[in-house]
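Undergrad: sequence and predicted structure below; questions after.
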Amino acid sequence: QLHLVESGGGLVQPGGSLRLSCVASGFTLEDYVIGWFRQAPGKEREGVSCISRRSASTYRVDSVKGRFTISRDNAKNTAYLQMNSLKSDDTGVYYCAAFRGLWIGARCTRPNEYDYWGQGTQVTVSS
């Protein structure tokens, strides 16, 4: 069975940092584009950042540019989202997702492009 498991969420003060991890099992992550999404209460799920299979290309939405960095270690079957300078607006459940295929640029932030999803990890930014 194919699984994605996120970890690393928690409660952090504004301006703080968190590093989320996404571990894949049951498949080889290097064949897949990875995306990070988030969903705040009462809002739709939105794409945050994504990375191509060999890390040659990445994309971030404007609201996280200069603060969030996506990366992956295919040898460890793991993807990461480093989040710095966190704001209260960053609060939500963060999900990683994967689809097998080529890089699609900014379309990688569309949830319906993805075939596999993790269960999510809660990130709360509050003083």
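TA: Nice, thanks for sending it over.

Undergrad: contacts and neighbour counts: CA atoms only from here.
TA: Fine.

Undergrad: tell me which residues touch Tyr32, please.
TA: Ser52, Arg53, Ala98, Phe99, Arg100, Gly101 (Cα atoms under 8 Å, 6 or more residues apart in numbering).

Undergrad: hmm, 7 Å instead?
TA: When contacts are counted by Cα atoms under 7 Å, 6 or more residues apart in numbering, Tyr32 is found next to Arg53, Ala98, Phe99, Arg100, Gly101.

Undergrad: so what's it closest to, chain neighbours aside?
TA: Leaving aside its chain neighbours, Tyr32 sits nearest to Arg100 (4.2 Å; criterion: Cα to Cα, 6 or more residues apart in numbering).

Undergrad: just to check, that neighbour is in contact with Val33?
TA: Yes. With contact defined as Cα atoms under 7 Å, Arg100 counts as touching Val33 (6.2 Å).

Undergrad: for the residue nearest to the spatial centre of the chain, list each beta-bridge partner.
TA: Centroid check for the chain by Cα atoms, centre = their mean gives Trp36 as the closest residue, at 2.1 Å. Beta-bridge partners for Trp36, by DSSP bridges, are Ser49, Cys96.

Undergrad: distance check, it against Arg45.
TA: 10 Å (Cα to Cα, to the nearest Å).

Undergrad: quick revisit: buried subset of the contacts of Tyr32 as a ChimeraX selection?
TA: In ChimeraX syntax, the buried subset of those is picked out as below (16 or more other Cα atoms under 10 Å):
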select :53,98,99,100
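
Undergrad: out of the contacts of Tyr32, list just those in strands.
TA: Ala98, Phe99, Arg100 (DSSP state E).

Undergrad: this protein: strands as residue ranges?
TA: Using DSSP E, strands in the chain cover 3-7, 10-12, 18-25, 32-39, 46-51, 58-60, 68-73, 78-83, 92-100, 116-117, 121-125.

Undergrad: got CSV for the ones you listed, with distance to Arg110 and mean pLDDT too?
TA: Below are the strands of the chain laid out as CSV (distance: least, Cα to Cα, whole Å; pLDDT from 0 to 100):
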stretch, distance to Arg110, mean pLDDT
strand 3-7, 18, 97
strand 10-12, 25, 98
strand 18-25, 18, 97
strand 32-39, 9, 98
strand 46-51, 6, 98
strand 58-60, 12, 98
strand 68-73, 16, 98
strand 78-83, 18, 98
strand 92-100, 11, 98
strand 116-117, 13, 96
strand 121-125, 19, 98
